[in-house]
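**Student:** Fold the following.
(4 chains)
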4 protein chains.
Amino acid sequence: MTIKVSKEEMAPFLDEVFPQVRGMFGIDRLDEELLVMRLFADDRHLRPGGTVSGPAMFGLADVSAYVATMARIGREALAVTTNCSIDFMRKPVSGADVLAECRVLKLGKALSVCDVLLFSEGTPEPVARANLTYSLPPKR
Amino acid sequence: MTIKVSKEEMAPFLDEVFPQVRGMFGIDRLDEELLVMRLFADDRHLRPGGTVSGPAMFGLADVSAYVATMARIGREALAVTTNCSIDFMRKPVSGADVLAECRVLKLGKALSVCDVLLFSEGTPEPVARANLTYSLPPKR
Amino acid sequence: MTIKVSKEEMAPFLDEVFPQVRGMFGIDRLDEELLVMRLFADDRHLRPGGTVSGPAMFGLADVSAYVATMARIGREALAVTTNCSIDFMRKPVSGADVLAECRVLKLGKALSVCDVLLFSEGTPEPVARANLTYSLPPKR
Amino acid sequence: MTIKVSKEEMAPFLDEVFPQVRGMFGIDRLDEELLVMRLFADDRHLRPGGTVSGPAMFGLADVSAYVATMARIGREALAVTTNCSIDFMRKPVSGADVLAECRVLKLGKALSVCDVLLFSEGTPEPVARANLTYSLPPKR
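**Tutor:** Numbering: from 1, shown residues only, chains lettered A, B, ... in the order given. Sure, this is the predicted structure:
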């Protein structure tokens, strides 16, 4: 699955499509094998005790699957999430960025299926895992 | 499953436990049969085109399952989400509040399992559905 | 969502499409509001202690979503399950048939989304719940 | 997470706990990094066209998560599946065994969380992926 949109091209596209989350996420790596995205530790997403909230982790997994898919089909703002299953396994480390490692398991005509592991930066055991399905616009 | 915490008692408890989402959610109904919560339509949660974002819908489903569980076991800030599977089925109506109808399917010693249907207010067909599992603190 | 295939027409269609499970399942009710299917208690599906196995409950949920979808789009053997999330909540009652109550939440052009509750016959609390997505063949 | 039950010890334990599926599954590899299990291609599990059924793939994923968990906590027949989310991505190859690669993402006191990828033997792209949660018996 060739990468059609580079890391450098993806960032301004994301800002254009999701202006409301501008500055929340970064892209560390984007190639055929793996996408690594980053949720910057930031007060807006914190729960009491300083940990990243469940919705913020869901948001990171969701945007990662979107970016991994867009990188392969080209910039198509119309792809939509149809399903996500997420397991929360450990408390994220307070104050640490959260990293998402995203792999595309299937890119079909109608659906894209991605797996995501989330880590607190600097900690080897995952804080959460998710799988997401995106519905793709027809006639690409 | 008797309700131990009323609608009126739950709101200040939520504000105390999750101060960062104060003002985002309301509780319309809370009894043994059904919990109805509301995500107020608000710019912070919108995508381009004015619809409510996926993470905001996830957040509404998540807080609903938390409230429905707390209402039955008593106020325990330590319950944590362990799993959520969510299907996004229709685009929410722009500008409308999103309502969550939450039912508790199982309340065991260690786990609580809830079902949630999400609707744009005034529209009969659900925009999303979710099931959530909360892990409950021991020695309740 | 009008029902195009009646309960009486569905049974021989199922036998034709899935001959390997002939005699395993029955249809109790099929109308616009609800489908009720039945897994006959039978040694093949039992675990030690006489309870119905997880894969047998998954199979019942899966065939229910298939039947509910076929009843609305017409007999199309090519629809395939793309996703299922299932929560097992209670031990099924030994020796009792398992009933599935299936509702179609969305029937789109490309996807059908169904919710299923599973009960041991004669017991009010669900033993499991599932949501399933079927991918539908194009050009219906 | 040290392995307490070897591949050789696990097979007779499985036969004892699940006599009804004796001969259906094999264990190819069992170590700290990875468990590989095998569903033998067999008429009982086939759909029309000769492919492995959804319930059979679910069963393989389920037994894999069970074996991976038992290998770490010791033989405890009482662990039960509480949740599974499974994505079916490609049609399995007719006549080929299905292999499951299972990794334990979290082994806590109360829950075990596993990821499983399913492949038709000899084919590099996964036919399905699943995540499963097992509830563990107390006082281990």
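**Student:** Compute the distance between A:Lys7 and C:Asp42, please.
**Tutor:** Using CB to CB, to the nearest Å, A:Lys7 is found at 55 Å from C:Asp42. C-beta coordinates here come from the backbone N, C-alpha and C atoms, glycine included.
**Student:** So which of the two has more stuff around it?
**Tutor:** Counted by other CB atoms under 10 Å in any protein chain shown, A:Lys7 and C:Asp42 do not tie: A:Lys7 has more neighbours, with 17 against 12.
**Student:** and that one, what does it touch?
**Tutor:** A:Ile27, A:Arg29, A:Leu30 (CB atoms under 8 Å, 6 or more residues apart in numbering or on different chains).
**Student:** next SSE after the longest helix that chain A contains?
**Tutor:** If each helix of chain A is counted by residues according to DSSP state H, the longest one is helix A:54-73. Remark: after helix A:54-73, the chain's next helix or strand is strand A:80-88, criterion DSSP states H and E.
**Student:** quick check, that following strand touching chain D?
**Tutor:** Yes - Strand A:80-88 is in contact with chain D by CB under 8 Å from any CB of the partner chain, via A:Ser85, A:Asp87.
**Student:** which residue ranges form the strands in chain A?
**Tutor:** Taking DSSP state E as the test, the strands found in chain A are A:25-30, A:35-39, A:80-88, A:98-107, A:111-120, A:128-135.
**Student:** Sheet partners, orientation included, of the shortest one?
**Tutor:** Take DSSP bridges as the rule and strand A:35-39 pairs in its sheet with strand A:25-30 (antiparallel), strand A:98-107 (antiparallel).
**Student:** And for the fifth one?
**Tutor:** Strand A:111-120 sits in its sheet next to strand A:98-107 (antiparallel), strand A:128-135 (antiparallel), going by DSSP bridges.
**Student:** how many neighbours does A:Pro138 have?
**Tutor:** There are 11 residues near A:Pro138, going by other CB under 10 Å.
**Student:** Skipping its backbone neighbours, what lies nearest A:Trp105 in space?
**Tutor:** Not Trp; residue A:105 is Leu. Excluding its sequence neighbours, the residue lying closest to A:Leu105 (CB to CB, 6 or more residues apart in numbering or on different chains) is A:Val113, at 4.8 Å.
**Student:** Tell me how far that neighbour lies from A:Phe58.
**Tutor:** From A:Val113 to A:Phe58 the distance is 17 Å (CB to CB).
**Student:** low pLDDT regions in chain A?
**Tutor:** A:43-50, A:139-140 (pLDDT under 70).
**Student:** Up against chain B, what does it have?
**Tutor:** So far as CB under 8 Å from any CB goes, chain A lies against chain B at A:17-20, A:43-44, A:46-48, A:53-56, A:58-59, A:62, A:77, A:80-89, A:91.
**Student:** For ChimeraX, write the select line for the buried members of these.
**Tutor:** Only the buried entries of the residues of chain A next to chain B go into this ChimeraX selection, using 16 or more other CB atoms under 10 Å in any protein chain shown:
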select /A:17,18,46,47,53,54,55,56,58,59,62,81,82,83,84,85,86,87,88,89
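**Student:** Contact partners for A:Ser120?
**Tutor:** A:Ser120 touches A:Pro92, A:Val93, A:Ala96, A:Asp97, A:Val98, A:Leu99, A:Val127, counting by CB under 8 Å, 6+ apart.
**Student:** So what pairs up with the nearest residue to A:Pro126 once chain neighbours are set aside in the strands?
**Tutor:** Closest residue to A:Pro126 apart from its sequence neighbours, by CB to CB, 6+ apart: A:Leu117 at 4.7 Å. Counting by DSSP bridges, A:Leu117 forms beta bridges with A:Glu101, A:Arg129.
**Student:** Isn't A:Val5 up against A:Ala71?
**Tutor:** Yes - between A:Val5 and A:Ala71 there is a contact under CB atoms under 8 Å: 4.9 Å.
**Student:** These two: which has the busier surroundings?
**Tutor:** More neighbours surround A:Ala71 than the other of A:Val5 and A:Ala71, with 26 against 16 (other CB under 10 Å).
**Student:** so what's that one up against?
**Tutor:** A:Ile3, A:Lys4, A:Val5, A:Met10, A:Leu30, A:Leu35.
**Student:** Check the burial of the fourth one by counting its neighbours.
**Tutor:** The reference is to A:Met10. With other CB under 10 Å as criterion, A:Met10 counts 21.
**Student:** show me the contacts for A:Val127.
**Tutor:** A:Val127 makes contact with A:Met57, A:Phe88, A:Met89, A:Arg90, A:Lys91, A:Pro92, A:Val98, A:Leu118, A:Phe119, A:Ser120, according to CB under 8 Å, 6+ apart.
**Student:** dump the residue contacts of the third one.
**Tutor:** Contacts for A:Met89 (CB under 8 Å, 6+ apart) come out as A:Glu125, A:Pro126, A:Val127, A:Ala128, A:Arg129, B:Thr82, D:Leu105, D:Lys106, D:Gly108, D:Val113.
**Student:** Same question for the fifth one.
**Tutor:** Shown here is A:Lys91, whose contacts under the criterion CB under 8 Å, 6+ apart are A:Thr51, A:Val127, B:Val80.
**Student:** And the closest residue to the last one other than its chain neighbours, how far from B:Ser112?
**Tutor:** Okay, so that is B:Val80. Closest residue in space to B:Val80, ignoring its immediate chain neighbours: B:Ser135 at 5.4 Å, by CB to CB, 6+ apart. In this structure, B:Ser135 and B:Ser112 are 8 Å apart, going by CB to CB.
**Student:** between these two, which one's more packed in?
**Tutor:** B:Ser112 (25 against 19).
**Student:** My understanding was that that one contacts B:Lys106; is that so?
**Tutor:** Yes - at 6.9 Å, B:Ser112 counts as touching B:Lys106 under the criterion of CB under 8 Å.
**Student:** Buried residues of stretch A:99-119, list them for me.
**Tutor:** Those buried within stretch A:99-119 under the rule 16+ other CB under 10 Å are A:99-107, A:110-119.
**Student:** Kindly report the same for stretch A:127-140.
**Tutor:** A:Val127, A:Ala128, A:Arg129, A:Ala130, A:Asn131, A:Leu132, A:Thr133, A:Tyr134, A:Ser135, A:Leu136.
**Student:** Pop out the phi and psi values for the residue nearest to A:Asp15 when sequence neighbours are not counted.
**Tutor:** Distances taken as CB to CB, 6+ apart put A:Arg22 closest to A:Asp15, at 5.1 Å, once the chain neighbours are dropped. Here is the backbone geometry of A:Arg22 (degrees, to the nearest 10): phi -50, psi 130.
**Student:** what do you get for A:Ser53?
**Tutor:** Note on A:Ser53: its backbone torsions stand at phi -80, psi 160 [degrees, to the nearest 10].
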